[in-house]
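Enquirer: Next input, structure requested:
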Amino acid sequence: MIFVSHKLSIDKQVLSKLTSNHSLNILVILPRPSSNNDFGHERHDCSCVLFSQALLFKSSDQTRTAISIIKIIVVCWAH
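Expert: The predicted structure is shown next:
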């Protein structure tokens, strides 16, 4: 699996109040096809929520399988 893009959004106000004894609850959503799935992309979303229910960050990654990259190279090379 190869990372194609990564988006990370951090709430700096929540981050400034974070201490070393805070527990972090990271919620990960199952991968799903992204809007441009014809190229084999998958989207992986996760969020980090503190015990106080404050949202610390949201993350969205797009990945692609190595075989889909090989297919793209072969199709482009054939044309």
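Enquirer: Chain neighbours aside, what residue packs nearest to the residue nearest to the spatial centre of the chain?
Expert: Taking C-alpha atoms, centre = their mean, the centroid of the chain lies closest to residue 61, which sits 2.3 Å from it. In space, and not counting its chain neighbours, residue 61 is closest to residue 44: 4.5 Å by C-beta to C-beta, 6 or more residues apart in numbering. C-beta: built from backbone N, CA, C; applies to glycine.
Enquirer: burial measure for the one you found, as a count.
Expert: 18 (other C-beta atoms under 10 Å).
Enquirer: Return the backbone torsion pair for it.
Expert: Note on residue 44: its backbone torsions stand at phi -120, psi 120 [degrees, to the nearest 10].
Enquirer: so it touches residue 64, yeah?
Expert: No. Judged on C-beta atoms under 8 Å, residue 44 makes no contact with residue 64 at a distance of 11.7 Å.
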